[in-house]
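Asks: 3D model of this:
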Amino acid sequence: MFGSLEDPTQLLRAIKASPSGQTTTFEGVTFEYGDVASMVRDLTTDTALWPFVESPASIHHLDHIGAERKRTLERLHGLTSGQLSGHTSRADLFIRMSSGRLVFVSVKDDTTAAKLGQVSAATSYGAGSLAGGLARMSIPAVPIPKVVNHRHTTLSASRFAKLGDRDREFAYIKKNHPDAWNSAVSDCLDEAVEQTRIFTDLLVRDESSLLGFIKEVTAGCLADSNDFYILVGDALVHFGEFITALASADITARAERYQARKKTSYIVWLGVNGIEYGLTKIEPAFDGAKNTTEQTKGIIFYFQQHPNSGNHYKQLLVDLVE
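Replies: Below you'll find the predicted structure:
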């Protein structure tokens, strides 16, 4: 955003003065952002850049902008429903160029590790799929009172009041039948690890599913857009060009089981034109297992960056379109 201005400090001052969000205009460019209070301290214009040849008319920083506002932007700009507001949208910035061209940008920090994403709902990737949440959990068959209150749990009355019926029952089981609960969580995690093994084996064997997975986790609903870009540090990657280059490259893949303490995950390594990259580490985890947790979400599959530095997925994006 800062790089689009001749004097980016004016925008920086405006953000620091109103960190909870606003729409403002400088040098003929309209800027919109949501609540960025947690980011203000580290904001600087030192590395400001504008990676496009075209000049912008408006730039919308989508983080912490509500779903309804995103849907409004979709309607105002004639976008397909979900391109900004959908859970599979990967856009961090939405830009309208002076020419009227609409551009979507996913921003990746090239100095720190950043996961590709995560999924809990049953999701297909080519011929493969992962199903998280609580769908495959065997809930302990223990007696539960008809009426459960906070005294039956480890939660305070105010925290308990926020829960739905199912989470209240889970809170009861966690406190009163911890062995049964922990056993069910352990079995659910084991099943998720087995899902991950089967899924990564498929990615190794089936290039079509592998490419489908890469498109889904990297671009989501914007995978087929000709105006979706990924900004990795100073490198601007046109996603369509990346996928075209990847599809025509000499690709090999392998999966590796990774054990760290009590966590089991699987790393997918991608060989492209003789160079091996860590595509991702798929790590299943159970969200809400502890009796102090309010909501029990169940299995989430995290697509972690691996390795933290060197030949990871962000380096692959840059290398393939240079």
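Asks: Dump the C-alpha coordinates for the helix or strand hosting residue 280 into PDB.
Replies: Per DSSP states H and E: residue 280 is located in strand 275-287. The C-alpha coordinates for strand 275-287 follow below in PDB (Å, rounded to 0.1, in the frame of the first residue of the first chain):
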ATOM      1  CA  ILE A 275      15.700 -29.300  -7.300                       C
ATOM      2  CA  GLU A 276      13.800 -30.500  -4.200                       C
ATOM      3  CA  TYR A 277      11.500 -28.200  -2.200                       C
ATOM      4  CA  GLY A 278       9.500 -28.800   0.900                       C
ATOM      5  CA  LEU A 279       6.000 -28.200  -0.300                       C
ATOM      6  CA  THR A 280       4.400 -28.400   3.100                       C
ATOM      7  CA  LYS A 281       4.200 -30.400   6.400                       C
ATOM      8  CA  ILE A 282       0.700 -31.600   7.000                       C
ATOM      9  CA  GLU A 283       0.100 -31.600  10.700                       C
ATOM     10  CA  PRO A 284      -3.200 -32.800  12.200                       C
ATOM     11  CA  ALA A 285      -4.100 -31.400  15.600                       C
ATOM     12  CA  PHE A 286      -7.100 -31.600  17.900                       C
ATOM     13  CA  ASP A 287      -8.500 -28.200  18.800                       C
END
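Asks: For the very next helix or strand once past that strand, which helices and strands make contact with it?
Replies: Next helix or strand after strand 275-287 toward the C-terminus (DSSP H and E): strand 298-304. On a contact count with 3 or more CB pairs under 8 Å, 6 or more residues apart in numbering; DSSP states H and E, strand 298-304 meets strand 117-119, helix 178-205, strand 275-287. Just so you know, the C-beta spots here come from the backbone N, C-alpha and C atoms, and that holds for glycine as well.
Asks: which element follows strand 298-304 toward the C-terminus?
Replies: Criterion used, DSSP H and E; the element after strand 298-304 is helix 313-320.
Asks: How far off centre is that following helix?
Replies: 18 Å (CA atoms, centre = their mean, to the nearest Å).
Asks: Extract the C-alpha trace of it and format it as CSV.
Replies: Extracted in CSV, the C-alpha atoms of helix 313-320 (Å, rounded to 0.1, in the frame of the first residue of the first chain):
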residue,chain,number,x,y,z
TYR,A,313,7.1,-23.4,-1.0
LYS,A,314,7.7,-19.6,-1.1
GLN,A,315,11.1,-20.2,-2.7
LEU,A,316,9.4,-22.6,-5.2
LEU,A,317,7.0,-19.8,-6.2
VAL,A,318,9.8,-17.4,-6.9
ASP,A,319,12.2,-19.8,-8.6
LEU,A,320,9.7,-21.1,-11.1
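Asks: tell me the phi and psi of the closest residue in space to residue 77 that isn't next to it in sequence?
Replies: Nearest residue to residue 77, sequence neighbours excluded (CB to CB, 6 or more residues apart in numbering): residue 102, at 5.9 Å. In terms of degrees, to the nearest 10, the main-chain angles of residue 102 are phi -100, psi 130.
Asks: Just to check, residue 102 is in contact with residue 93?
Replies: No - between residue 102 and residue 93 there is no contact under CB atoms under 8 Å: 11.3 Å.
Asks: higher neighbour count, the two?
Replies: Shown here are residue 102 and residue 93; by other CB atoms under 10 Å, residue 93 has more neighbours (19 against 15).
Asks: quick one on the thing from earlier: run the angle between the strand holding residue 280 and helix 178-205 for me.
Replies: 160 degrees (axes from the mean of the first three to the mean of the last three CA atoms, to 10 degrees).
Asks: What residues sit buried inside strand 275-287?
Replies: For strand 275-287, the buried set under the neighbour-count rule, 16 or more other CB atoms under 10 Å, comprises 277-287.
Asks: which other residues reach stretch 83-99?
Replies: Defining contact as CB atoms under 8 Å, 6 or more residues apart in numbering, one finds that stretch 83-99 is touched by 1, 52, 54-63, 67, 70-71, 73-74, 77, 82, 102-107, 117, 216, 218-222, 225, 228.
Asks: gap between that stretch and the chain center?
Replies: Distance, centroid of stretch 83-99 to centroid of chain: 15 Å (CA atoms, centre = their mean).
Asks: Residue ranges of each domain in this structure, please.
Replies: Domain assignment for the chain, taken from automatic domain parsing, gives 2-108, 117-142+177-218+250-311.
Asks: Can you check which of these gets nearest to residue 164?
Replies: Among the domains of the chain, domain 117-142+177-218+250-311 comes nearest to residue 164, with 8.7 Å by CB to CB.
Asks: tell me, what residue is most central in this structure?
Replies: Closest to where the C-alpha atoms of the chain average out (CA atoms, centre = their mean) is residue 117, at 3.1 Å.
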